[in-house]
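**Student:** A predicted structure for the sequence below; I have some questions about it.
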Amino acid sequence: MIPPEKIEHWIGGEHRPSVDGATFGVADPVGNAEYARVASGSAADVDRAVAAAASAFASGPWPSMAARARARILNAIADGIEARGEEIAAAETFDTGLPITQAKGQAARAAENFRYFADVIVAAHSGAFSTPGQLGYVLRQPAGVAGLITPWNTPFMLETWKLAPALASGCTVVLKPAEWTPLSASFLPEIMAEAGLPDGALNIVHGIGEVAGAALVAHPDVPRISFTGETVTGRDIMRSAAGHLKGLSMELGGKSPCIVFADADMELATDSALFGVFSLNGERCTAGSRILVERPAYDTFVARLAERAARIRVGDPSDPSTEIGALVHPEHYERVMSYVRLGVREDARLVAGGSRPAGLSSGNYLAATVFADVEPSMRIFTEEIFGPVACVTPFTGESEAISLANATDYGLAAYIWTNDLRRAHRVASSVEAGMTWVNSHNVRDLRTPFGGVKASGLGREGGQHSIDFYTESRIVHIAKGDTHVPRFGA
Ligand code: NAD
């Protein structure tokens, strides 16, 4: 993988430097060496990008194109992603430190995001409401310019998870990728142009969140902001967007429970608990990072987790045998390490990992880490660590499992392992989570509502929810005969 030396904005179908020429450096997480200078967007660059998107919306063919014609282009984008899947995955691995096998899976899912929303719009229909006197029909129209702000974990997949429904809906977009991982987004302009997306429908402004992202949120001509990132950032964005009453979709942080009852299939539950917290380097919003285990099974389960975690292969992200790669950035690595030190200070029992793996003296590497006997009062139990760190806590009975599961501000995902069908339903309805999986890990069905409750988010994406977000539904009422009109002043 030979990375480019510079990465520019993509505005109105052209690569552009920043108006003021500013750039920032971006490094890879293995060498921690700067590999490129990236255009650092300011409000002036956001203005240009929004103007290009607004003009493509007002006078371009995209918003008014027939669904089938738009779907053809979306499918061609998916073809383009698939054709470059290996390259995209290699770039993602280089830039983020994600293990290559997992980056390939994410690239495939990115293509699927476009295919799926191509299907959705072709099959779409809008409602009609009939009474004896009146017919109402719904006009569904794209909302306008959508601002898409994405994080550094699985950047390409998450960018496409927003781009696909926004473009499918007929919106034009300005994407602000995360500043630590700008590389994979630079595949998008070529792929989209080749697929036939009109100039100006896709615009990308790189830059620092508090500058470029904030300018996009504050821009009066951007009626929708779809944001994925930290809860604290989400709060800032909501405050800023309030001035223009923007439509917001907020996909925020998580600290999801994986609840294992003693009657569960322990082999599968162990595999799933490990995968749930250590896949994608643990840098995963839906990570099952709190593993709650029923007491009769607790000691054995902890021993198995510890033994397996110690064998997880940590190393070069580009090696296909690697299971955990390098954490994205030294700053993030330090944050994760500070939680490991905190766990030790809080007196949680460290049963695996907790430090750099042997033989990896540089790069942002952390061995798969497991803390047992984690108390709900500890900060490592309640705060999102966003790295390969699992917290294991025992419980007695269903009601304690539920109260422990709900003892954080977050509510993104939950995983329940039990062979008792009735209990599975009871716990699923009591756990405060936007998405719950029973006897399964995070297997997505793109039609289903994706999002969190409590501090994990606001609004839902996925399937029709995404289309609802990027469109306005307007109702037209038509009288079928003479309407009775009260005659004021007659
Ligand atoms: P972050 O909030 O720091 O940044 C996310 C994006 O927002 C980046 O592009 C950043 O530049 C931008 N940004 C930062 N400040 C901004 C501001 N004031 N105004 C506008 N934009 C701003 O998040 P991160 O560290 O990149 O990502 C990790 C977080 O994302 C974790 O909390 C994780 O749980 C969450 N996440 C959630 C989901 C989900 O679907 N719920 C998915 C993935 C990640």
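**Tutor:** Sure thing, it's come through.
**Student:** now do the strands in the stretch 1-150 of the chain.
**Tutor:** 6-7, 9-11, 14-16, 23-27, 34-39, 128-130, 134-142, 145-149 (DSSP state E, counting those that start in this stretch).
**Student:** S272 touches I259, doesn't it?
**Tutor:** No: with contact defined as C-beta atoms under 8 Å, S272 does not reach I259; the gap is 11.4 Å. Quick note: C-beta positions are derived from backbone N, CA and C, even for glycine.
**Student:** which of these two has more neighbours?
**Tutor:** I259 (30 against 23; other C-beta atoms under 10 Å).
**Student:** list the contacts of whichever strand or helix holds the more buried one.
**Tutor:** Using DSSP states H and E, I259 sits in strand 257-260. Residues outside strand 257-260 that contact it (C-beta atoms under 8 Å, 6 or more residues apart in numbering): 266, 269, 272-273, 276-277, 288, 290-294, 297, 301, 395, 401, 404-405, 414-418, 427, 431, 433.
**Student:** neighbouring strands of that strand in the sheet, and parallel or not?
**Tutor:** strand 290-294 (parallel), strand 413-417 (parallel) (DSSP bridges).
**Student:** helix, strand or coil: sort out the residue in the stretch 51-200 of the chain that the ligand sits nearest to for me.
**Tutor:** Nearest residue of the stretch 51-200 of the chain to the ligand, counting by C-beta to the nearest ligand atom: P151, 3.0 Å away. Per DSSP: H, G, I helix; E, B strand; the rest coil, the secondary structure class of P151 is coil.
**Student:** need phi/psi at it.
**Tutor:** phi -90, psi -180 (degrees, to the nearest 10).
**Student:** G489 now?
**Tutor:** phi 70, psi 10.
**Student:** burial count for it?
**Tutor:** By the measure other C-beta under 10 Å, the count of residues near G489 is 3.
**Student:** per-residue confidence for G243?
**Tutor:** G243 is assigned 94 on the pLDDT scale.
**Student:** ok, and the closest non-adjacent residue to it?
**Tutor:** A218 (7.3 Å; C-beta to C-beta, 6 or more residues apart in numbering).
**Student:** can you pull the contacts of the nearest residue to R109 once chain neighbours are set aside?
**Tutor:** For R109, ignoring the flanking residues on the chain, the nearest one in space by C-beta to C-beta, 6+ apart is M157 at 5.3 Å. By C-beta under 8 Å, 6+ apart, the contact list for M157 reads 106-107, 109-110, 113.
**Student:** how about a markdown table for those residues, with pLDDT, distance to the ligand and neighbour count added?
**Tutor:** Conversion of these to a markdown table gives the following (pLDDT from 0 to 100; distance: C-beta to the nearest ligand atom, whole Å; neighbours: other C-beta atoms under 10 Å):
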| residue | pLDDT | distance to the ligand | neighbour count |
| --- | --- | --- | --- |
| Q106 | 98 | 12 | 24 |
| A107 | 98 | 17 | 27 |
| R109 | 98 | 13 | 18 |
| A110 | 98 | 14 | 29 |
| N113 | 98 | 13 | 25 |
